[in-house]
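S.K.: Have a look; sequence and predicted model below, questions after that.
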Amino acid sequence: MSKDKFLKYEKAYVSDCFCHCLANILMNSEMNIEPDIILCDNISLFYDMQTHDIGINYPLKNNAPIYIDSSYQKYIANSYGMITFHPVQYADNGKEYANDSRTDMIEIRRYISDDSQIAVNRIIHLLTDSKMIICAVDVYYLKYHKAHLKMHALHYIIITEINLKENWVKVIDEYHFTGSRYTGKIAFNDFIEARSSLNPYNESYEGISGVPIRNLWVEVQISPLFPANTDTILSIIRRSINSLGAICEKTFRCWGLKALKSLCEDLQNVENWDINHNFYFTHIFRSAIKNISKNRMRFSALLKLTEGRKDLAETIEYCEKSGEYWLKLSGVAYKYGVQRKPGTLANMVKILQDILLMEEKIHENLISYMEELTCRNVITK
């Protein structure tokens, strides 16, 4: 696809700038891959009863696309079943860049370097092959961004061209949640500053500030044999059934419906938690809950792509409703963090109990759908 004829991906349930860039890369690839299939996590919930960490399949880590330690790698792999996130590599002169790709996966390789020239040279090399490249920047240095010279924060954009003679870089930043959408040229010097920023900590951008950018860039490799088809969708549904019905070992960590039940019970004793209640509920918990809400919306979008979507109409409705209730919960959680009123806490518990009923129904319906599908296939054969 020509970089001058750029298809724009705009979905409210993808509110992560990295995933938004990745979606646009996939949609504009030669294979024109449907991003909703790739970005769909299997529907689940993670909760740690001891630390009160919460997430989809692993504790929420805002900078996960950059720095993922080995203990979380397996959860990332389970979450995005068709993407392999390779460990971040340090690039230096003479670096051999991997160009192999498995036939059944999308490969995500991330590189950092403290030498801006090494990073620029690699990006220019990749752009000569008509590839669009995802780059991390500090929004503080982007003149088109509303945070320009106001706040530091890590952000991902797409680079399509670098002109060293005229000193400009062509970027695509269609991430609409920032209110700073832009497609066009920026000054090369601004680009370098944004890429080499120390990205000082800013409380307003908790999780995406306080981490040096280090010229991070992301290379996406897609095999021509990549199977984005019905079998792919069904594999995600199977993982979702397993995730929701996970039988947790005797540990503080639990997943799926068990995690949801544990969270409901724990919240009733929240005043005894050894945490900063205001910060936890207005920042950590609220952010995680919003992420979970969008997970449910992404999953419903995936179900709409299945051949048997008519049979899944009720399940899709429950997924969307669940997503709405998780989003509602994020607002109530913020209110509780500020006010700490018993009535607000009771409202949180009630919302979670309603969500539990919906997600139990989702689990039952998915099991029934897969069983019916298996029976049909047996009869057909």
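M.R.: Thanks, I have the structure now. Numbers count the residues shown, from 1 in each chain.
S.K.: burial count for the closest residue in space to Glu307 that isn't next to it in sequence?
M.R.: Setting aside the residues directly before and after it, Glu307 is nearest to Thr230 in space (Cβ to Cβ, 6 or more residues apart in numbering), at 5.9 Å. The C-beta positions use only the backbone N, C-alpha and C, and glycine is treated the same way. When counting by other Cβ atoms under 10 Å, one arrives at 12 neighbours for Thr230.
S.K.: now swap in the one 3 residues further on and tell me
M.R.: Other residues within reach of Ile233, judged by other Cβ under 10 Å, total 20.
S.K.: element containing it?
M.R.: With elements taken from DSSP states H and E, the one containing Ile233 is helix 230-244.
S.K.: Need the contact partners of the helix or strand following that helix.
M.R.: Beyond helix 230-244 on the C-terminal side, the first helix or strand identified by DSSP H and E is strand 253-255. Under the contact criterion Cβ atoms under 8 Å, 6 or more residues apart in numbering, strand 253-255 has outside partners 44-49, 57, 243, 246, 248, 262.
S.K.: Repeat that for stretch 368-376.
M.R.: By Cβ under 8 Å, 6+ apart, the list of residues contacting stretch 368-376 from outside reads 234, 237-238, 241, 308, 311-312, 315.
S.K.: can I get those in TSV with neighbour count and pLDDT?
M.R.: Conversion of the contacts of stretch 368-376 to TSV gives the following (neighbours: other Cβ atoms under 10 Å; pLDDT from 0 to 100):
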residue	neighbour count	pLDDT
Leu234	16	85
Ile237	23	89
Arg238	14	89
Ile241	20	92
Gly308	15	73
Asp311	15	88
Leu312	20	92
Thr315	22	96
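S.K.: if we can go back for a sec, how far is the helix holding Ile233 from where the chain is centred?
M.R.: Remark: helix 230-244 is offset 18 Å from the chain centroid, using Cα atoms, centre = their mean, to the nearest Å.
S.K.: Counting by contacts, list what that helix packs against.
M.R.: Applying 3 or more Cβ pairs under 8 Å, 6 or more residues apart in numbering; DSSP states H and E, one finds that helix 230-244 makes contact with helix 35-38, helix 256-267, helix 285-303, helix 342-380.
S.K.: Pick the most deeply packed of those helices.
M.R.: Stretch with highest mean neighbour count among the helices and strands packed on helix 230-244: helix 285-303 (a mean of 23; mean count of other Cβ atoms under 10 Å).
S.K.: and of the contacts of strand 253-255, the nearest to Gln117?
M.R.: Of all these, the one sitting nearest Gln117 is Asn57; the distance, using Cβ to Cβ, is 38.3 Å.
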